[in-house]
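Enquirer: got a predicted model here, sequence first, then my questions.
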Amino acid sequence: MKTALTIAGSDSSGGAGIQADMKTMTANGVYAMSAVTALTAQNTTGVTDILESTPHFLGEQLDAIFTDIFPDAVKIGMVSSADLIVVIAEKLKQYKAENIVVDPVMVATSGAKLLRDDAVEALCRELLPLAAGPAPEAEILSGMTITDATGMEAAAKYISEKYGCAVLCKGGHKVNDADDLLWRNGFGKWFHGKRINNPNTHGTGCTLSSAIASNLAKGYDLDESVERAKAYISGALAAMLDLGHGSGPMNHMFDLKGAFVG
């Protein structure tokens, strides 16, 4: 079985963070591992407190994983401080990790800020150049206001060229938020989808990036990994359980034997 590692924060409600990542990886047919960057007190309505891992302990977690069960892909989610980002970059380079997907979780679905200002520069400097396919918060990283497809293309192109990585720019706002743009090597490719009108969106970013990493681990190229990840998250959204709280949790295990997880 192929393996995937999530380096991210814990979500006590189970809908996002490492819990969502590991559910997604399992549903997509890979063995899931985790290195915890922070504990959060949160649910689908918001984040009330964060307790960070120390850089030393995060490094110990990564050493334990890479020296035993080497991951075929790595997904990086919430990392709130520059010191933790530096440790992650050092370990990924030390162990020559491949298929790295960076999802810079700057703001939670609920609106809570999860990335310190001093960490943004470190993330761009240390992690984005290592990424095979980041799914960044494009407006923050590009400094542009995105209101249409042309703006998505401009932002994705700018980020890709500045940091030398592939970029998945997710739709939203005035752009059809089911259409995503993958930009790499000077060219963009659109992945079109049908909007699923469901307010329960807690953990969607974590789920998408983890599904991409899972498919990279299984040997699919980046285009196919994005396509399969979009199909998986569409299925999870369509099958999502409405518990009547906050923005609602994802239904990650909607079809363990279906086409989305083969």
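Expert: Structure received.

Enquirer: now do the helices in the stretch 101-250 of the chain.
Expert: Ranges of helices within the stretch 101-250 of the chain are 117-122, 138-142, 149-163, 204-217, 222-238, based on DSSP state H, counting those that start in this stretch.

Enquirer: so where is this protein shaky, pLDDT-wise?
Expert: Applying pLDDT under 70 to the chain flags the ranges 107-114, 135-136, 172-177, 196-200, 239-250, 254-262.

Enquirer: am I right that Ala166 is in contact with Leu222?
Expert: Yes: counting by Cβ atoms under 8 Å, Ala166 touches Leu222, with 6.1 Å between them. Using the backbone N, CA and C atoms, a C-beta is placed for each residue, glycine as well.

Enquirer: show me where the stretch 1-150 of the chain has strands.
Expert: 3-11, 31-43, 46-52, 73-76, 100-102 (DSSP state E, counting those that start in this stretch).

Enquirer: how about CSV for those strands, with distance to Leu128 and mean neighbour count added?
Expert: Listed next are the strands of the stretch 1-150 of the chain as CSV, based on distance: least, Cβ to Cβ, whole Å; neighbours: other Cβ atoms under 10 Å:
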stretch, distance to Leu128, mean neighbour count
strand 3-11, 14, 27
strand 31-43, 17, 21
strand 46-52, 21, 14
strand 73-76, 10, 30
strand 100-102, 6, 29
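
Enquirer: now these in a markdown table, with distance to Gly133?
Expert: Listed next are the strands of the stretch 1-150 of the chain as a markdown table, based on distance: least, Cβ to Cβ, whole Å:
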| stretch | distance to Gly133 |
| --- | --- |
| strand 3-11 | 13 |
| strand 31-43 | 18 |
| strand 46-52 | 26 |
| strand 73-76 | 10 |
| strand 100-102 | 5 |
